[in-house]
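[1] here's my sequence, what's the structure:
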Amino acid sequence: MSGPPGHVWRGFAGLRVVADVHGEAEAFGAAVEGALAQDMFVLQLGDLTDHGPDSPGVLRRMFALMDAGQGLFLLGNHDHKLRRALIGSPVRIQAEGLGRTLTQLDAAPDGEALKARAIAEIARAPAWIRDGGRVFVHGGFHPGMLHAAPPPDAGATRPAGLVTRAIYGQVTGRTRPDGSPERLHDWVDRIPRDMLVVCGHERRSTDGRPYVTDGLLGGRCVFLDCGAGKGGHLAWIDLPSWA
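    Numbering: from 1, shown residues only. Next up, the predicted model:
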């Protein structure tokens, strides 16, 4: 991708930003069809697969959008892990997560083609996009993202530096009672005034709507993940195509 990534949606009537899909192909299809009907570009925040009933269907839809120049996905931790599994690297496979995706791909008539395409596309998926006063990222923000472009091969290499923050957020190394990582959110207070960060990765919502919070510097963050594939639902927001 040449030039600022945000240029790919210039000329569209708007930008539909879609949270973690996690294999919910039907809901993703509805979000996509609604966007296309309004001439909106689809930016998906990462974590396309795992948990839900039809990860191959999600991949087909996403790749079709990319081929048509109507969509793009960011690198998420589940995408990064899927690629590692597909190329034979040792990974921990949860039966209801990555294990379900691999089983679905093995059973799909176009499974081998989807695997090959996933390996290629995840390797070059952007770890974050800055578009003027907006930053789109899967896991968490860092001010360094305002001044540096993500590595072009972030999805094909071991996460380090800003990529680690981008796909995993900020963690303490401890686990919560439900077994999930304990996360910190003080990075929200480092979002500059009048800047908007839109991320997925973590279901912070308690009312079924995206969780919106303002930081100490006056920046705003939208946590868009509402639990698709994990007992919740798919969420998205529509924004102007210009920053």
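[2] and Leu114, helix, strand or coil?
    What DSSP: H, G, I helix; E, B strand; the rest coil gives for Leu114 is helix.
[3] wait, what's in contact with the spatially most central residue of the chain?
    In the chain, the residue lying closest to the centroid (CA atoms, centre = their mean) is Gly46, at 1.8 Å. Residues in contact with Gly46 (CB atoms under 8 Å, 6 or more residues apart in numbering) are 20, 73-79, 125, 138-139, 167, 200-201. To be clear about C-beta, it is placed using only N, CA and C from the backbone, and glycine gets the same treatment.
[4] switch the cut-off to 6 Å
    Leu74, Leu75, Gly76, Asp79, His138 (CB atoms under 6 Å, 6 or more residues apart in numbering).
[5] make CSV out of those residues and add distance to Ala154 and neighbour count.
    Shown next, in CSV, are those (distance: CB to CB, whole Å; neighbours: other CB atoms under 10 Å):
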residue, distance to Ala154, neighbour count
Leu74, 10, 29
Leu75, 6, 30
Gly76, 11, 31
Asp79, 10, 25
His138, 11, 32
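[6] backbone phi and psi for Thr175, please?
    phi -110, psi 150 (degrees, to the nearest 10).
[7] I'd like the contacts of Gly46 as TSV, with secondary structure and distance to Trp9 appended.
    Formatted as TSV, the contacts of Gly46 follow (DSSP: H, G, I helix; E, B strand; the rest coil; distance: CB to CB, whole Å):
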residue	secondary structure	distance to Trp9
Leu74	coil	13
Leu75	coil	18
Gly76	coil	19
Asp79	helix	20
His138	coil	18
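[8] redo the residues you listed as a markdown table? Include pLDDT and distance to Gly218.
    Shown next, in a markdown table, are the contacts of Gly46 (pLDDT from 0 to 100; distance: CB to CB, whole Å):
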| residue | pLDDT | distance to Gly218 |
| --- | --- | --- |
| Leu74 | 98 | 25 |
| Leu75 | 98 | 28 |
| Gly76 | 98 | 28 |
| Asp79 | 98 | 32 |
| His138 | 98 | 24 |
